[in-house]
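Asks: Model the structure of this input:
(chains A and B)
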Amino acid sequence: MNPVLDVVLRLVVLLLAFVVMSLVVGQTEHKVMAHMQGRLGPMYAGGYHGWAQLVADAVKFVQKEDVCPRDSDRWVFKLAPAVALSPYLVALAAIPFSATLVVADVGAGALFVLAAIAVGILGVLMAGWSSANKYSLLGGMRAAAQLLSYELPMVLSVASVALAAGTLSLTGIANAWHPLWLLWQLPGAFVFLTAAVAELKRGPFDMPVAEPEIVMGPLTEYSGLRFAFFMLSEYAGIVVMSLLFTVLFLGGWHGPFSDALGLGLVWTLLKSAVISVLIIWLRVSWPRLREDQLQRLAWLVLVPLALAQLALTAGWVVLSSQ
Amino acid sequence: MTEHQHPQESPSKASRFSGMVPGLIKGLATTARTLARPSHTVEYPDVKPYLPPRTRGVIALLEENCTNCMLCARECPDWCIYIDSHKETLPATTEGGRERQRNVLDRFAIDFSLCMYCGICIEVCPFDALHWSPEFEYAEFDMRDLLHEKSKLGQWMPTVPPPPALDPSSAEPQEITAANKPARTAPRGRS
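Replies: Residues are numbered from 1 along each chain as shown, chains lettered A, B, ... in the order given. A predicted model of the protein is given here:
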């Protein structure tokens, strides 16, 4: 195939998958959260159980005025939603959906994805800094502190898996996966999931947008399409984190009949859907942590746990290679 | 109390952490249980809500019963009832008979932008011309359109539910008690 056509085709598929999966997760959040609170959630948009609610929301957001505060740092303010959203798109490109289905097979995929996701911090920080609003600034600072503290346990837990698999390639890690990993990588998985929820700034770690304290945090001044991009980046974040968790800790596309019937993609999507629902479930069930409790959890629980997991994995690898 | 004053040195720190995990699991279980059960939402415009018989929705007027006595208008705490009437002379029905006069209701209006739904007008009406109706869908875009005349008030009359049956253990109505009372006899000793 023509290489240019190949790249364009891959990018179009990537963009479609990105938007569709994010919207599906968003809609799932609407419905699951509603039913967990004894409500019905959206019921009218699109006819059948409000399936088109987020599309309708998008249409509404497009029509809204794009307000830019007078004292804001105009360019930074306008650029921030894109900086928050696009890292997830880049990260999604490197995540394998099955043994062969990956948009860009990067050699050190785990490293690449983590690095790409970390750029998302900048978007929130830019939004908080440029809004000329003290609540935004507070929220931005909280977000930066939170994302920086949780980056470490996350990287450590990924390092443990990479060490166990002997490769940084995401495809390689999933191929090296064994059901026994569920047991002896469990602390790492716990650390990764907790850190992922914190990175997504979702409940119970949503202090940056704690509405009783600081309005909407960094998103306070945003309106219209730019606000919608921030919302989309949250859902896209859930998609990317669930897929990453699936590939790293749940064996990705490995499952019964996955090779015989070519069901690898289905297994990946199924597992990450379960993780997405779990992330939504946590948000609905648990109250928000306080800022100091958040830091305490990161540094006193997650980092030691991740280090212990790393030591365990290293010991295992050294012993088994002899 | 000392636990709250010295959280760092608290001896029960471990117990606080051990109490956290069951709490988190309880939270998850609660939301999961709610998810598994049917939701409480009534899809209002599609499904009409159940309203108890004594719902105070709107005040309906049975025009035939009204005698223009003005009691309701006078008792209304915020003066939201307007009544206009005039006297009419009816010619004698028989030869040489007397002409009769009667009151004719010209206007009966309730301003629902003022009404506070206290129900005093309904309580005070001696001829049961006013009734509570559970109808509640009469919102208007302009507040001034909430002043409803007697034609509109009469349209709500069919929505008035029949009065609920008396509670079996309740006291007898006043009229029946009065009717059943034995007739007074002359007191003894005096004649």
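
Asks: State the mean pLDDT of stretch A:313-322.
Replies: Mean pLDDT, computed over stretch A:313-322, is 84.

Asks: correction: stretch A:137-148
Replies: Mean predicted confidence for stretch A:137-148 is 87.

Asks: Helices of the stretch 51-200 of chain A, start to end?
Replies: Using DSSP state H, counting those that start in this stretch, the helices of the stretch 51-200 of chain A run over A:53-63, A:74-94, A:109-130, A:134-165, A:170-176, A:181-184, A:186-199.

Asks: Flag every buried residue along the next helix or strand along the chain from the last one.
Replies: This means helix A:186-199. Remark: after helix A:186-199, the chain's next helix or strand is helix A:211-214, criterion DSSP states H and E. Within helix A:211-214, the residues that qualify as buried are A:Ile214, counting by 16 or more other C-beta atoms under 10 Å in any protein chain shown. To be clear about C-beta, it is placed using only N, CA and C from the backbone, and glycine gets the same treatment.

Asks: Tell me which of the helices of the stretch 51-200 of chain A sits nearest to chain B.
Replies: Of all the helices of the stretch 51-200 of chain A, helix A:186-199 sits nearest to chain B, with 11.8 Å by C-beta to the nearest C-beta.

Asks: Check which helices and strands that closest one sits against.
Replies: helix A:134-165, helix A:224-249, helix A:264-285, helix A:303-321 (3 or more C-beta pairs under 8 Å, 6 or more residues apart in numbering or on different chains; DSSP states H and E).

Asks: Throw the ones you listed into a markdown table and include mean neighbour count and distance to B:Thr94, thanks.
Replies: Formatted as a markdown table, these follow (neighbours: other C-beta atoms under 10 Å in any protein chain shown; distance: least, C-beta to C-beta, whole Å):
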| stretch | mean neighbour count | distance to B:Thr94 |
| --- | --- | --- |
| helix A:134-165 | 22 | 87 |
| helix A:224-249 | 24 | 82 |
| helix A:264-285 | 20 | 82 |
| helix A:303-321 | 15 | 107 |
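
Asks: now the ones you listed in TSV, with distance to A:Gly217?
Replies: TSV is the format used below for the helices and strands packed on helix A:186-199 (distance: least, C-beta to C-beta, whole Å):
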stretch	distance to A:Gly217
helix A:134-165	2
helix A:224-249	10
helix A:264-285	16
helix A:303-321	25
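
Asks: circling back: weakest of the helices of the stretch 51-200 of chain A by average pLDDT?
Replies: Mean pLDDT is lowest for helix A:181-184 out of these, coming in at a mean of 81.

Asks: which other residues reach it?
Replies: Helix A:181-184 is contacted from outside by A:Val161, A:Ala164, A:Ala189, A:Phe249, A:Leu250, A:Gly251, A:Leu312, A:Thr313, A:Trp316, using C-beta atoms under 8 Å, 6 or more residues apart in numbering or on different chains.

Asks: got the contact list for the closest residue to the third one other than its chain neighbours?
Replies: If I follow you right, that is A:Ala189. Nearest residue to A:Ala189 in three dimensions, chain neighbours excluded: A:Phe249, at 4.3 Å (C-beta to C-beta, 6 or more residues apart in numbering or on different chains). Taking C-beta under 8 Å, 6+ apart, we find A:Phe249 in contact with A:Val161, A:Trp181, A:Leu182, A:Gln185, A:Gly188, A:Ala189, A:Phe192.
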